[in-house]
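# my questions concern the predicted model and sequence given below.
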Amino acid sequence: MHKTRVSRIFQISTGVVFMLSLALASCQFPDASELTGITPTPITPSPTPRICPNVDLENLNRLEITPAFIVVLFDPSITQEATLEYVSGDKTADVMDFLGVVLPKILGVGSQYSLFSLGFRTYEAAKLDRYSSKITEAPELVATPIPYETLTPVPTPTLSGAVLQRQEAKNQYNATVTAQFATATQLAFEDLCHKSTYDDVYKATATQWSVTQQAEGVEVATQVENAKIERENKITVIETPFAKNNVYEGLSHVTIDFEDQCKNYQRCVLLIFDDLTDWRGETPDYLDIKLENVEVVSILPQCEDIIQPSCVEIQDKWTSLFDSYGIKSIEYHNGERLETTLLEYFGGK
């Protein structure tokens, strides 16, 4: 409704300007050497107070909510070099520290995450943490109203030592200026109505919603930190890792969670922090790996440039393997601008 109204108003203004151009074209102006140029005439919206009608914001853009199941699979010893880059430009080599910052920003309403560490033979030893958002639904919100664009001023023909010689042309020009003034006044009035309605009806709810999201963000960050501390405390009592590079086993572990939970969410995403090095070329027959309709985001921290030949070779190999597991899509990144990339991918807070 908003865009339709703007289109109709601009069509009217454009028509008037077109009629003016025809009228001016028929005028007998002084010699061209006397023409000094075109000077814009600014249009100022009228400040006259009016009473706002009931303004319906229902057709403005609403905040989109897409519950997601996010599973993270990472190698805790992928690198000693800080390669995972935050929005601030700082970098870290610790995946759990990175997740403590990023997960609060990408875990949306009704979403859940699971964390798995590579290097363990059993599901129980590999599983670090699981957290489900306590916010199960969002309030009815609309985006903050955006003002209409400022109208292009009507240009004023200026002549040196002369005036427009035909009264008809002068009248057409004055009519165009008057029409645009009325249009600008109406648009400014509607902008004010939208803002007033938003402030009265939605602003308090939006503010409370922001506070609620921030509180859960703190809880998620704390949850990740506690999972890291707990794993460090138990590292001597859990099973001994049987191999440093066992990507296939890790994928079999996350398969269990995806098959159990994926049906409950609109999106299922697997984040892998690993250089995807496994001593076996093919999936072992004894492992069950199924990633139907899962979006895969693979972070290869050791790749300085994601398109360097050695990294492209790894991507080609694993793209073929992931396709055989039934994935929905896959993309590869290194640590450069990684937080920004993930926020864009998930539509972060």
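Happy to help now that I have it. Numbering: from 1, shown residues only.
# please enumerate the strands of this protein.
Along the chain, the stretches classed as strands by DSSP state E are 35-41, 68-74, 84-85, 91-92, 112-117, 127-132, 154-159, 267-273, 295-299, 329-333.
# could those strands go into a markdown table alongside mean pLDDT, mean neighbour count and distance to residue 181?
In short, each C-beta sits where N, CA and C put it, glycine included. A markdown table is the format used below for the strands of the chain (pLDDT from 0 to 100; neighbours: other Cβ atoms under 10 Å; distance: least, Cβ to Cβ, whole Å):
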| stretch | mean pLDDT | mean neighbour count | distance to residue 181 |
| --- | --- | --- | --- |
| strand 35-41 | 41 | 11 | 10 |
| strand 68-74 | 96 | 23 | 50 |
| strand 84-85 | 94 | 22 | 51 |
| strand 91-92 | 94 | 16 | 55 |
| strand 112-117 | 95 | 23 | 55 |
| strand 127-132 | 92 | 17 | 56 |
| strand 154-159 | 62 | 15 | 9 |
| strand 267-273 | 97 | 23 | 49 |
| strand 295-299 | 97 | 22 | 52 |
| strand 329-333 | 97 | 16 | 51 |
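# which one, of those, ends up nearest to residue 219?
strand 127-132 (8.3 Å; Cβ to Cβ).
# could you spell out the sheet neighbours of that closest one, each with its direction?
strand 112-117 (antiparallel) (DSSP bridges).
# what's the end-to-end length of stretch 104-112?
For stretch 104-112, the first-to-last residue distance is 11 Å (Cα to Cα, to the nearest Å).
# cool, stretch 104-124 as well?
Using Cα to Cα, first and last residues of stretch 104-124 are 25 Å apart.
# can you check stretch 69-81 too?
One end of stretch 69-81 to the other measures 29 Å (Cα to Cα).
# for residue 189, find the nearest of the strands of the chain.
strand 154-159 (19.7 Å).
# which of the strands of the chain sits closest to residue 218?
Residue 218 lies closest, by Cβ to Cβ, to one member of the strands of the chain: strand 127-132, at 12.8 Å.
# tilt between the closest one and strand 68-74?
Strand 127-132 runs at 160 degrees relative to strand 68-74, counting by axes from the mean of the first three to the mean of the last three Cα atoms, to 10 degrees.
# pretty sure residue 331 sits against residue 306.
No. Residue 331 is beyond contact range of residue 306, at 9.7 Å (criterion: Cβ atoms under 8 Å).
# what stretches of the stretch 201-349 of the chain score poorly on pLDDT?
Along the stretch 201-349 of the chain, segments meeting pLDDT under 70 span 201, 233-245, 348-349.
# and the helices in it?
Applying DSSP state H, counting those that start in this stretch to the stretch 201-349 of the chain gives helices spanning 203-234, 247-261, 309-324, 338-346.
# other SSEs contacting the third one?
With contacts defined as 3 or more Cβ pairs under 8 Å, 6 or more residues apart in numbering; DSSP states H and E, helix 309-324 has these neighbours: strand 295-299, strand 329-333.
# could you list the residues in contact with the last one?
Contacting residues not belonging to strand 329-333 are listed as 295-300, 306, 311, 315, 318-319, 322, 341 [Cβ atoms under 8 Å, 6 or more residues apart in numbering].
# give me that answer again for 10 Å
269-270, 272, 276, 291, 293-301, 303, 306-307, 311-312, 314-315, 318-319, 321-323, 341-342, 345 (Cβ atoms under 10 Å, 6 or more residues apart in numbering).
# put the buried members of those into a ChimeraX selection.
Here is the ChimeraX command that selects the buried residues among the contacts of strand 329-333 (16 or more other Cβ atoms under 10 Å):
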select :269,270,272,276,291,294,295,296,297,298,299,300,301,303,306,311,314,315,318,319,321,322,341,342
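# reformat the helices and strands packed on helix 309-324 as JSON lines; add distance to residue 210.
Output for the helices and strands packed on helix 309-324, formatted as JSON lines (distance: least, Cβ to Cβ, whole Å):
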{"stretch": "strand 295-299", "distance to residue 210": "27"}
{"stretch": "strand 329-333", "distance to residue 210": "29"}
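# low-confidence ranges in the stretch 1-150 of the chain?
1-64, 79-80, 138-146, 148.
# what do you get if the cut-off is 80, keeping everything else the same?
Counting by pLDDT under 80, the stretch 1-150 of the chain shows low-confidence ranges at 1-65, 77-80, 136-150.
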